[in-house]
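Asks: only the shape, not the letters, is given here:
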């Protein structure tokens, strides 16, 4: 399903010339230098491409996948193959690479009637690999030998004609791509037809944390991975035809190379695309914004964009029409999560659904994670913010977010239950910091609604005075006790000393806190009588709801309710102060 979906997307990219995607038999590579040839095949100079450091991206003939051995590429290769020298300190092997490249180019270009083909063939016959070190030509430097790709060009007046763009040579490459001789035929898992099967699949580049040279999505290089009777057959263990292999790898590399089609979430790289070419960019832009993948130029643009997104998600969740130019909610939409795994890629998830359904699940997630917050906080807490709130700020590497990234993303996109570890780590982070952040409260509220099956009319966005849940009322009570101590002493230390104990074993903690509150209320009433009356009334109402009953222990779900009540009661207090100041 993954391979066929990507292959279909590749077909749509080919129909759009603006995509710049390589057609069958070709691929996109970074080229650092061009070797300028004279018509008789003499090497005249070495011309840097782009900035000379990273080179520039060019469409070149499909290249071999090399992990070991000598395999020459057509028209575009390293200095070992095109010059016969390199900086690896193995001159004998470099000469063997040059000979392999010479045989390949002579076999493909000897019968081609064009100045470019004749110049390349003459070059391989005339070139002495050692001479460039003894008599450097213009433009040559040690950087040429460091491993970057080189290609050929021919002087054409005031400019150069590149070999990869020469029509007669392009026809040679196209004919070569259609010739699958030497490939064994099997029934392809993608097309269901008997076709030549790819033994090796091209590398996938752009997955965060994977090897810079690329990693394999499909590969068999160990007996433990091979099917019985298919030893040392590599890709033929899972037969995928040559054309589909080239199609899905090109499409996936295209998606990973374009920011509008990819995002990072923990250790997972997410790529996404739409079935319709016309709405592909619009759909991907909306999803990228919704999941927090977009990069904004300024804080003002981010705030405005998230506010507009929140309004659109609310209408979508309510079943109301949402009209966004360039977006089609009826299109089929695909999301693929990839993570590095040594020389391979792990598929964390693959989802296919209508774009409207995907966005409805996203809207549901934001609805149940919506919780009261400060006015300066963003309108929505993105998934990244949720996971980031669980990390130890002193840790060198993000551990929790990497483990939870894929499960959380699946829960959001499918409307499924949240990972248990998400809720548990939120409680652990509160215990460690003695502070309930907006993101912690959002995680707790979402978990209580979706996993614990509590009613949304009880687990509200703001504090709910009618919620008589014992743990929730205890949390609100603790917030009022903290406010009383702060009013009396000018600072609050009750959370630092007692929050964990009050949340887990209320029966041993609240009697002590209530005894302390008597002295604190007396001081507040003496200094500011009006405030003392207000706090005493607030505490009395909560104690009446609690009926002076404190459980010995609270379960994890009850601890979540406690912390949510504590957070919402504090936010209600800050909100009231903001309104009074306004």
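Replies: Arrived safely, thanks for sending. Given the structure is predicted, the values throughout are model-derived calculations rather than measurements.
Asks: tell me where the stretch 101-250 of the chain has helices.
Replies: Assigned by DSSP state H, counting those that start in this stretch, the stretch 101-250 of the chain shows helices spanning 115-126, 131-134, 167-178, 242-257.
Asks: so which of the ones you listed is nearest residue 185?
Replies: helix 242-257 (10.3 Å; C-beta to C-beta). All C-beta atoms are positioned from the backbone trio N, CA, C, and that covers glycine.
Asks: buried residues in the closest one?
Replies: Using 16 or more other C-beta atoms under 10 Å as the test for burial, helix 242-257 gives 242-256.
Asks: picking that back up, dump the helices of the stretch 101-250 of the chain to a markdown table, plus mean pLDDT.
Replies: Below are these laid out as a markdown table (pLDDT from 0 to 100):
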| stretch | mean pLDDT |
| --- | --- |
| helix 115-126 | 94 |
| helix 131-134 | 80 |
| helix 167-178 | 86 |
| helix 242-257 | 92 |
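Asks: quick one: closest of those to residue 184.
Replies: With C-beta to C-beta as the measure, helix 242-257 is the member of the helices of the stretch 101-250 of the chain nearest residue 184 (10.7 Å).
Asks: now tabulate the helices of the stretch 101-250 of the chain in CSV and tack on distance to residue 211.
Replies: Output for the helices of the stretch 101-250 of the chain, formatted as CSV (distance: least, C-beta to C-beta, whole Å):
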stretch, distance to residue 211
helix 115-126, 32
helix 131-134, 30
helix 167-178, 26
helix 242-257, 14
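Asks: of all the ones you listed, which one is nearest residue 374?
Replies: Taking the helices of the stretch 101-250 of the chain one by one with C-beta to C-beta, helix 242-257 is closest: 36.9 Å.
Asks: which helices and strands does the closest one pack with?
Replies: With contacts taken as 3 or more C-beta pairs under 8 Å, 6 or more residues apart in numbering; DSSP states H and E, helix 242-257 sits against helix 2-14, strand 26-37, strand 194-196, strand 268-274.
Asks: any regions of the stretch 151-300 of the chain where pLDDT drops low?
Replies: Counting by pLDDT under 70, the stretch 151-300 of the chain has low-confidence residues at 180-183, 221, 223-233, 235, 294-300.
Asks: can you give me the strands for it?
Replies: For the stretch 151-300 of the chain, the strands defined by DSSP state E, counting those that start in this stretch cover 159-162, 185-187, 194-196, 262-265, 268-274.
Asks: quick check: which of those is buried the most?
Replies: Comparing the strands of the stretch 151-300 of the chain by mean neighbour count (mean count of other C-beta atoms under 10 Å), strand 268-274 ranks first with a mean of 25.
Asks: packing partners of that one?
Replies: Using 3+ C-beta pairs under 8 Å, 6+ apart: strand 268-274 touches helix 242-257, strand 262-265, helix 280-290, strand 332-341, helix 400-414.
Asks: could you redo the last one with a cut-off of 6 Å?
Replies: helix 280-290, strand 332-341 (3 or more C-beta pairs under 6 Å, 6 or more residues apart in numbering; DSSP states H and E).
Asks: circling back: looking at the strands of the stretch 151-300 of the chain, which is nearest to residue 469?
Replies: strand 262-265 (33.0 Å).
Asks: show me the contact partners of the closest one.
Replies: With C-beta atoms under 6 Å, 6 or more residues apart in numbering as the contact definition, strand 262-265 has outside contacts at 208, 256, 270-271, 293, 405, 409.
Asks: and residue 417, how far from residue 411?
Replies: Residue 417 sits 6 Å away from residue 411, going by C-beta to C-beta, to the nearest Å.
Asks: for this protein, name the helix or strand with the lowest mean pLDDT.
Replies: Taking mean pLDDT, DSSP states H and E as the measure, the chain has helix 299-317 as its least confident helix or strand, at a mean of 64.
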